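Peer 1: no sequence on this one, just coordinates:
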């Protein structure tokens, strides 16, 4: 208990929680990475991207806007143009490379994509447009041809409630499908509520050839295009089951959107193996292809109809054979995420409810990475180092967070009024005036992202707070302790003075009795005995004077003092009694006891008991340790259970008869008991202990046969 109290009352322990609370309340001064909003620009009726188109390591601004004051509907932009600005900076006006108008209509929901099909180091811009019910694929070459060099018809589509019924997946221009030295374009067309068109297409720009997959009404969105060591191309993606195709059409379509499907296509857009069904409306399959040990494998997550179980994480080879499977029977919403770290693909399972990422290894075992702040994630490489950062956001919140590859030390980003359809672009400018930009609702916000120079001061600063708080507590507790010590010393001094005053009353009492004894011996003319008595008495007086300022003495000194005193009393009373002192061998006789605690009771035993006996009396003094007297104490009804027990037993006439004699003779001062009571009370106060005594009258068949005094000195004093 004392050890626990020492710990709990230690200022360095008390400083811990206080410092922790203060550190939590501090502003984010020591985040490893910081962001700063450096500029906010209004661009009316625009969509804004940043990308390095001319391979000079710096980003151009690509802005989709309108030629004139044309209004736009909820589903399309009218009479659009693309404007390119280079040498961009938030601190100066850029150089406009050109504005490229086009007559087709632009889908509001779709995005711009960038690629280098001819591998000349200059990126082209790729996007979808339409006229009437015809869907087109267009491309703009800004720095080489300086014009729209592609406008290719893809397919017919449907309208629903006078709006275009179309969705789009991403466009990829990174793979040469026919080995002619130029990359082909691969993209996805998805009818929203329409059964058709829904397909993946590949467009050969050099030969102006477009071919598509036979995926019927599968809602397919490309996630991965991978080439293996045998130069085979594999395409996979995410498939949902929106259940938008009417039942009357289902019988004509082999792959329905009332189920989701695991689909892998080859470079001819044929199925590598038959699609694997994940039955159920609102079910989904999301898939990625990953290199492992020179081979490629397919990782897929099968999520069943909403509210149903189980969810399945599955690993296949590219023959469609399952290698591993992991089952989840709880209702927690999960999604499989692919993230590039150091130019290598790393897979994670993201639990949306707990907002926790789990890294997935090749055996489908999980490693918990870390919880993030919100449920929504976008990936982007903010510093162009080959590792994607996580942009973690929630619409309606004032802040988003950027997590690095180790999912630690997030940087806080102010995103007030951010809409769900925002465009996030990493950017690099010559003057390093910004590192990324966020476009949302006609505003572009430019941010700097940098390593906090104060980050490495975090531990010393926090340690300094802890030491300062602990030191303040130490000073306060030290001053309190000094004040208490000073107060205690003053009280102790007063107690000592009171005790010495009482003791000074007692010493003359003892001296008075001793002088009476010496006078009696001289009166009887026994010179030899008188001389011996006076020598012993002088030794007794010397010991008394030696310890005159002490309120406690070693047990052995008290025993020696009592022996001398009892010897004198035997002389005085003509050996009217015998005495015996029995000390247990296991007692340390150097331990302190109250001064004259034994002598006082021995004196009373002689004066009030033994001197009135007709026969020779007996005085026994027994000193025992607690080990030997525990049971004895309980039998006597004493509460003390540890320390010394001193028993002074006489076979005198008893207290009752002695009181009667005392009342008649009136020869005693009567101060003995009063003084010892005061000494014990003051001693207990001074030493913070509980020395006590008990007096018992001894009887034999109802006749008084003596008195016993039991003195208890607790172990906490010893």
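Peer 2: Yep, that arrived. Keep in mind that this is a model prediction, so the values were computed, not measured.
Peer 1: once you drop chain neighbours, what's closest to residue 234?
Peer 2: Nearest non-adjacent residue to residue 234, counting by C-beta to C-beta, 6 or more residues apart in numbering: residue 226, 5.2 Å away. Every C-beta, even on glycine, is put in place using the N, C-alpha and C of the backbone.
Peer 1: so where's the protein shaky on pLDDT?
Peer 2: Applying pLDDT under 70 to the chain flags the ranges 1-2, 66-79, 247-253, 420, 490-530, 543-549, 627-642, 666-672, 715-718.
Peer 1: mind listing the helices for it?
Peer 2: 2-8, 11-25, 247-250, 458-523, 527-546, 555-572, 597-608, 626-636, 655-665, 672-687 (DSSP state H).
Peer 1: count of residues packed around residue 391?
Peer 2: As a burial measure, residue 391 scores 22 neighbours (other C-beta atoms under 10 Å).
Peer 1: then residue 207?
Peer 2: 11.
Peer 1: residue contacts, residue 376?
Peer 2: 392, 393, 394, 395 (C-beta atoms under 8 Å, 6 or more residues apart in numbering).
Peer 1: now residue 211: closest residue in space that isn't a chain neighbour?
Peer 2: For residue 211, the closest residue by C-beta to C-beta, 6+ apart turns out to be residue 202, at 5.8 Å.
Peer 1: and the gap between the nearest residue to residue 623 once chain neighbours are set aside and residue 462?
Peer 2: Excluding its sequence neighbours, the residue lying closest to residue 623 (C-beta to C-beta, 6+ apart) is residue 583, at 4.7 Å. The gap separating residue 583 from residue 462 is 61 Å, by C-beta to C-beta, to the nearest Å.
Peer 1: before we move on, what about residue 93?
Peer 2: 45 Å.
Peer 1: and for residue 81?
Peer 2: Counting by C-beta to C-beta - residue 81 and residue 462 are separated by 54 Å.
Peer 1: okay, now residue 345: neighbour count?
Peer 2: Residue 345, neighbours per other C-beta under 10 Å, totals 16.
Peer 1: what's near enough to touch it?
Peer 2: 288, 290, 291, 338, 339.
Peer 1: could you dump these into JSON lines and include distance to residue 46?
Peer 2: Listed next are the contacts of residue 345 as JSON lines, based on distance: C-beta to C-beta, whole Å:
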{"residue": "288", "distance to residue 46": "33"}
{"residue": "290", "distance to residue 46": "38"}
{"residue": "291", "distance to residue 46": "40"}
{"residue": "338", "distance to residue 46": "31"}
{"residue": "339", "distance to residue 46": "30"}
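Peer 1: now, of the residues you listed, which are buried?
Peer 2: 288, 290, 338, 339 (16 or more other C-beta atoms under 10 Å).
Peer 1: return the subset of those residues lying in strands.
Peer 2: 288, 290, 338, 339 (DSSP state E).
Peer 1: and the two most separated of the residues you listed?
Peer 2: Greatest spatial distance in those: 290 and 339, 11.5 Å, computed using C-beta to C-beta.
Peer 1: residues that sit against both of the two, list them.
Peer 2: 345, 347.
Peer 1: skip the chain neighbours and tell me the closest residue to residue 129.
Peer 2: Nearest to residue 129 is residue 104, by C-beta to C-beta, 6+ apart, at 3.4 Å.
Peer 1: now do the same contact list for residue 540.
Peer 2: 514, 561, 564, 565, 568 are the contacts of residue 540 under C-beta under 8 Å, 6+ apart.
Peer 1: check residue 338 too.
Peer 2: 223, 224, 288, 290, 345, 346, 347.
Peer 1: is the spatially closest residue to the third one that is not a sequence neighbour in a bridge, and if so with what?
Peer 2: By that I understand residue 288. Sequence neighbours aside, residue 338 is the residue nearest to residue 288 in space, at 4.4 Å (criterion: C-beta to C-beta, 6+ apart). Residue 338 has the following beta-bridge partners by DSSP bridges: residue 347.
Peer 1: which phi and psi does residue 281 have?
Peer 2: Main-chain dihedrals, residue 281, degrees, to the nearest 10: phi -60, psi 140.
Peer 1: just checking, it touches residue 241?
Peer 2: Yes - contact criterion C-beta atoms under 8 Å: residue 281 and residue 241 qualify, at 5.7 Å.
Peer 1: between those two, who's got more neighbours?
Peer 2: Under the neighbour definition other C-beta under 10 Å, residue 281 and residue 241 were set side by side, and residue 241 has more, 25 against 14.
Peer 1: contact partners for the more buried one?
Peer 2: 219, 257, 258, 259, 260, 278, 280, 281, 282, 283, 284.
Peer 1: can you say which of the residues you listed are buried?
Peer 2: Using 16+ other C-beta under 10 Å, the buried ones in these are 219, 257, 258, 259, 260, 278, 280, 282, 283, 284.
Peer 1: middle-most residue in the chain, spatially?
Peer 2: residue 20 (10.3 Å; C-alpha atoms, centre = their mean).
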